[in-house]
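Undergrad: Everything below, folded, please.
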Amino acid sequence: MKVDVKTLKAGKALDFLVAQIFGKLPASGDDWSQRWPHYSTNWAHGGPVFEQEIANHERRGQAYFYCNKFGTADSRWPVGHPIWAYGDTLLESAMRTIVIFYLGELVEVYDELLEAPL
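TA: Here you go, the predicted structure:
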């Protein structure tokens, strides 16, 4: 199913997309639905990605705002174009920003990941 990244909540679907970006999905045949890092909910997993990818962030009201990933000559975005996302938590908004930067605002996600609890 095609979804807008800015609507993805912290959990399996968002974590799956980040794992896909960084090549952290398990080999086929493994129990893939349970075996990738919990980037959007666990600082031990998401923290290193946050430090590598997210340089600036601000808190605005109850949501976090990001505007630190900027388009580069080798990205899908124009040079200097700001990439940002809001979220209920710092990790959720950071992972949304990373997915938008690398995969775009609309992404394909397996239905079972959208329905899966954490």
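Undergrad: From now on I want contacts and neighbour counts done on CA atoms only, so please keep to that.
TA: Fine.
Undergrad: What lies in contact with stretch 99-116?
TA: Stretch 99-116 is contacted from outside by 1-6, 12-13, 17-18, 21, 33, 69, 75-77, 83, using CA atoms under 8 Å, 6 or more residues apart in numbering.
Undergrad: Any regions of this protein where pLDDT drops low?
TA: Applying pLDDT under 70 to the chain picks out residues 27-34, 55, 62-69, 116-118.
Undergrad: Run a quick neighbour tally on Thr41.
TA: A count of neighbours around Thr41, defined by other CA atoms under 10 Å, yields 21.
Undergrad: Wait, a helix at it?
TA: No: membership of Thr41 in a helix is not supported by DSSP: H, G, I helix; E, B strand; the rest coil, which gives coil.
Undergrad: Just to check, it is in contact with Glu92?
TA: Yes: using CA atoms under 8 Å, Thr41 is in contact with Glu92, at 7.3 Å.
Undergrad: Overlap in contacts, those two.
TA: Contact criterion CA under 8 Å, 6+ apart; residues shared by Thr41 and Glu92: Ala10.
Undergrad: Break down this protein into its strands, ranges please.
TA: Under the criterion DSSP state E, strands of the chain are mapped to 2-4, 57-60, 63-66, 69-70, 82-83, 106-108.
Undergrad: partner strands of the first one, parallel or antiparallel?
TA: Applying DSSP bridges to the sheet, strand 2-4 is found paired with strand 106-108 (antiparallel).
Undergrad: So the residue nearest the centre of the chain versus Phe16, what's the distance?
TA: What sits nearest the mean C-alpha location of the chain, by CA atoms, centre = their mean, is Met95, with 2.7 Å. The gap separating Met95 from Phe16 is 11 Å, by CA to CA, to the nearest Å.
Undergrad: and the helix ranked longest in the chain, how far out from the chain's middle?
TA: For the chain, the longest helix by residue count, based on DSSP state H, is helix 90-103. Centroid separation for helix 90-103 versus its chain: 3 Å, with CA atoms, centre = their mean, to the nearest Å.
Undergrad: Can you give me the buried ones in that helix?
TA: By neighbour count with 16 or more other CA atoms under 10 Å, helix 90-103 contains the buried residues 90-101, 103.
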